[in-house]
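*Asks:* here you go, sequence then predicted model.
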Amino acid sequence: MTSTMTLKRVLTLLIVLTISGSGVLFAQTQTEAEPVDPDSPEFGRFVQALADVEQIQDDVSGEIDGILNTFSGGEEGFMELHQRVQAAGGAPPANVEDEVVEEYQEIVEEVDEVQMASQQEMIDLVQDRGLSVSRFNEIIVMVQQDSELQQAIQERR
């Protein structure tokens, strides 16, 4: 995995774990984080937790793709309708049939359930590795800003 891919995953993890309600505010993380030593056992646990969380993300991504493909218009049709709904402030466009709107809403609910379950699973895995979610987020921010930590992750894999 390239450094760019790792950075994108780290940013995604930061967003997912912060959104879950167990994360810390980004501003607090930047100013109050205790540095992490890439040779420390804590960093080793972080790398293991990161790998666990990335595996969950990969699994969930496939599961969500499968859900979206059940939409009568396929994944592309779902994404097009979703963009239209978002552009309309969350309301389905008036020219969309009621059955399609209902199907869309069911898929959105199913995807939300999968995402919520995966967020909890990621939180549990991070904690099982001996890290708090807030510390995991702090280290993610440090990794995001430090190419040496990014390299240390690659070397530990």
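*Replies:* Okay, I see it.
*Asks:* all helices for the chain, in order.
*Replies:* Secondary structure of the chain (DSSP state H): helices located at 3-19, 26-32, 41-68, 74-87, 98-128, 133-145, 147-156.
*Asks:* lowest-confidence helix or strand of this protein?
*Replies:* helix 26-32 (a mean of 47; mean pLDDT, DSSP states H and E).
*Asks:* can you list the helices of the chain in JSON lines and add mean neighbour count?
*Replies:* To be clear about C-beta, it is placed using only N, CA and C from the backbone, and glycine gets the same treatment. Output for the helices of the chain, formatted as JSON lines (neighbours: other CB atoms under 10 Å):
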{"stretch": "helix 3-19", "mean neighbour count": "16"}
{"stretch": "helix 26-32", "mean neighbour count": "12"}
{"stretch": "helix 41-68", "mean neighbour count": "17"}
{"stretch": "helix 74-87", "mean neighbour count": "14"}
{"stretch": "helix 98-128", "mean neighbour count": "15"}
{"stretch": "helix 133-145", "mean neighbour count": "21"}
{"stretch": "helix 147-156", "mean neighbour count": "15"}
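*Asks:* so who does residue 104 touch?
*Replies:* 71, 78, 81-82, 85, 92, 96 (CB atoms under 8 Å, 6 or more residues apart in numbering).
*Asks:* quick one: which of those is nearest residue 112?
*Replies:* residue 82 (12.5 Å; CB to CB).
*Asks:* distance of that closest one relative to residue 76?
*Replies:* 11 Å (CB to CB, to the nearest Å).
*Asks:* low-confidence stretches in this structure?
*Replies:* 1-31 (pLDDT under 70).
*Asks:* what residue of it is the furthest out?
*Replies:* residue 95 (33.0 Å; CA atoms, centre = their mean).
*Asks:* quick one: distance of stretch 111-127 to the chain centre.
*Replies:* 9 Å (CA atoms, centre = their mean, to the nearest Å).
*Asks:* okay, that stretch in CSV with CA atoms only?
*Replies:* Extracted in CSV, the C-alpha atoms of stretch 111-127 (Å, rounded to 0.1, in the frame of the first residue of the first chain):
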residue,chain,number,x,y,z
VAL,A,111,-26.4,1.3,4.7
ASP,A,112,-26.7,3.4,7.9
GLU,A,113,-27.2,0.3,10.0
VAL,A,114,-24.1,-1.3,8.4
GLN,A,115,-22.1,1.8,9.0
MET,A,116,-23.2,2.1,12.6
ALA,A,117,-22.4,-1.5,13.4
SER,A,118,-19.0,-1.2,11.7
GLN,A,119,-18.2,1.9,13.7
GLN,A,120,-18.9,0.1,16.9
GLU,A,121,-16.8,-2.9,15.8
MET,A,122,-13.9,-0.5,15.0
ILE,A,123,-14.2,1.1,18.4
ASP,A,124,-14.2,-2.3,20.1
LEU,A,125,-11.2,-3.4,18.1
VAL,A,126,-9.2,-0.3,18.9
GLN,A,127,-10.0,-0.7,22.6
